[in-house]
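Asker: pasting the sequence and the predicted model now:
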Amino acid sequence: MRSPSLALLFLVVSVVAGGATANGFTLADTECVWCTDLGGAYTPCPQAGEPYYGQDAQYTGAALSLQNNGDDTVSDLNTGLVWQQLLDTTYRTYEDASAYCQLLPLAGRSWRVPSMWELITIAPYGYASTIDTFFPNMNEALAGGSGAMWSSTVNNVLSYGSYNTYDVMKSTGESTFYDEREALVTMCVSGDSIPYENYTDNGDGTVSHAGTGLMWEKTTSTDSMNWGAALAYCEAQTTGGHTDWRLPNTRELQYVLDYDSSASPTFPGVFDGKSDNYWASSMAYTYTPYPPAMGDLASTNVRSVYTRTGYARMVPNANDTQKMYAMCVRTLGGNTSSPSTAAMNILLLD
């Protein structure tokens with residue numbers, strides 16, 4: 001029987017190769033390869049038409065495309081950004097973190113604190129070892145203290161007197177915001193800022209983003225619904241004449257938010273969507289040791305994003321009574337399904 005490690009290798013090499021595009025950059029897959037039926041265990045991925053079909057694991061996007069430059073830096077070939085390979089584990093205020101990056105004498109490059117959108121492109125969702133391999137101290141650095149690293153993006157939801165709050169990235173890709181006087185770890189970035197704007201209203205109920213190559217429904221769901229219903233809702237949409245809509249994964253849903261909004265993180269103005277809790281298609285990885293086998297108990301955590309704060313979180317012990325809204329997405333040129341349900345099942349067997 002194929003071991004989990006060999007199956008994982010099979011899956012990783014099977015995904016579509018990433019890279020910079022003429023219109024912007026590639027937003028990489030989350031590398032989530034497990035499915036759940038919210039019954040308390042990792043399960044085989046469902047077939048089309050079955051309950052809970054349309055999960056993150058059933059759609060593979062572009063692979064994370066990272067390059068170790070041999071000088072303590074890592075290039076992301078999807079975005080063109082260059083990252084500090086080892087997170088600075090000294091706990092610093094935002095002001096000190098910004099000064100640290102500006103003065104960083106690494107590889108002859110100019111460094112800065114990354115924006116929230118840039119951190120999202122390499123968020124460590126805890127599913128596979130790609131991030132761990134290229135950034136070997138990331139998990140350890142985010143395990144202690146406040147468990148978060150700074151972004152340069154000011155969060156306008158809350159301020160502490162004259163002090164700013166900044167969006168931050170936590171372990172397993174969760175995000176929130178902290179007062180600038182907090183002490184967090186720092187990961188510096190170098191290169192041109194990646195594009196966030198460039199959303200185009202197509203006039204047919206859809207919105208395209210030239211930066212990521214994603215198309216979104218302009219209007220979010222009218223009603224809140226449970227996670228299984230949200231998956232089915234997006235799978236059934238035909239907006240703009242397209243039949244390959246799906247519930248977005250965590251990285252996609254985090255990235256679409258406008259963190260620079262003067263009021264609070266929200267959808268860009270081109271969208272008709274309410275500020276509330278939205279489901280992502282991604283299962284939250286909570287099992288130790290890694291990787292799990294089919295039938296191993298899970299906390300049935302799935303992911304959501306709260307657009308009023310930009311807070312991406314795990315929904316603990318998700319069940320069919322919890323209701324949130326749905327915002328549907330498709331990949332320009334068509335979505336890429338997973339190699340096969342069988343491949344998912346091989347990965348789960350020990």
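Answerer: Ah, there it is.
Asker: which SSE is residue 155 in?
Answerer: Assessed by DSSP states H and E, residue 155 sits inside strand 148-160.
Asker: pLDDT averaged over that strand - what is it?
Answerer: Here strand 148-160 scores 79 as its mean pLDDT.
Asker: helix or strand next in line after it, which one?
Answerer: strand 163-170.
Asker: list the strands paired with that following strand, with their directions.
Answerer: strand 148-160 (antiparallel), strand 175-179 (antiparallel) (DSSP bridges).
Asker: buried stuff in that strand?
Answerer: Judged by neighbour count (16 or more other Cβ atoms under 10 Å), strand 163-170 contains these buried residues: 164-170. C-beta: built from backbone N, CA, C; applies to glycine.
Asker: just name the closest of those to residue 140, please.
Answerer: Proximity of those to residue 140 (Cβ to Cβ) peaks at residue 170, which lies at 13.9 Å.
Asker: residues contacting the closest one?
Answerer: 142, 147-148, 176 (Cβ atoms under 8 Å, 6 or more residues apart in numbering).
Asker: got the confidence number for it?
Answerer: pLDDT, residue 170: 75.
Asker: now for the strands paired with strand 163-170, which one comes closest to residue 203?
Answerer: Closest among those, using Cβ to Cβ: strand 148-160, at 30.5 Å.
Asker: who's in contact with stretch 72-84?
Answerer: Outside stretch 72-84, the residues touching it (Cβ under 8 Å, 6+ apart) are 18-20, 25-28, 62, 64-69, 85-86, 104, 106-107, 109, 111, 114, 118, 121-122, 134-135, 187-192, 194.
Asker: please redo it, this time with the cut-off set to 7 Å
Answerer: Contacts to stretch 72-84, defined as Cβ atoms under 7 Å, 6 or more residues apart in numbering, come from residues 18-20, 25-26, 28, 62, 65-69, 85-86, 106-107, 109, 118, 121-122, 134-135, 187-192, 194.
Asker: now that stretch: mean pLDDT?
Answerer: Mean predicted confidence for stretch 72-84 is 97.
Asker: got the CA coordinates for it in CSV?
Answerer: Taking C-alpha atoms only, stretch 72-84 is exported to CSV below (Å, rounded to 0.1, in the frame of the first residue of the first chain):
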residue,chain,number,x,y,z
ASP,A,72,19.4,33.1,3.0
THR,A,73,16.6,34.4,0.7
VAL,A,74,13.8,32.6,-1.1
SER,A,75,12.2,33.7,-4.4
ASP,A,76,8.5,33.2,-5.0
LEU,A,77,8.3,32.6,-8.8
ASN,A,78,4.6,33.0,-8.7
THR,A,79,4.7,36.6,-7.4
GLY,A,80,8.3,37.8,-8.2
LEU,A,81,8.8,38.6,-4.5
VAL,A,82,12.0,37.7,-2.6
TRP,A,83,11.6,36.7,1.1
GLN,A,84,13.9,36.6,4.0
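Asker: and the nearest residue to residue 168 once chain neighbours are set aside, how far is that from residue 245?
Answerer: Residue nearest to residue 168 in three dimensions, not counting chain neighbours: residue 148, with 4.1 Å by Cβ to Cβ, 6 or more residues apart in numbering. Distance of residue 148 to residue 245, computed by Cβ to Cβ, to the nearest Å: 33 Å.
Asker: swap in residue 330?
Answerer: Distance, residue 330 to residue 245, using Cβ to Cβ: 5 Å.
Asker: quick one: the helices in the stretch 51-200 of the chain?
Answerer: For the stretch 51-200 of the chain, the helices defined by DSSP state H, counting those that start in this stretch occupy 94-102, 116-121, 130-134, 138-143.
Asker: where along the stretch 201-350 of the chain do the helices fall?
Answerer: With DSSP H, counting those that start in this stretch as the criterion, the stretch 201-350 of the chain has helices at 227-235, 250-255, 341-348.
Asker: worst average pLDDT in these?
Answerer: Among those, helix 341-348 carries the lowest mean pLDDT (a mean of 28).
Asker: show me the contacts for residue 109.
Answerer: Residues near residue 109 by Cβ under 7 Å, 6+ apart: 82, 190.
Asker: list the contacts of stretch 320-336.
Answerer: Counting by Cβ under 7 Å, 6+ apart, residues outside stretch 320-336 touching it are 16, 38, 59-61, 208, 213-217, 220-221, 224-226, 228, 230, 233-234, 237, 242, 244-248, 252, 273-274, 276-279, 304, 315.
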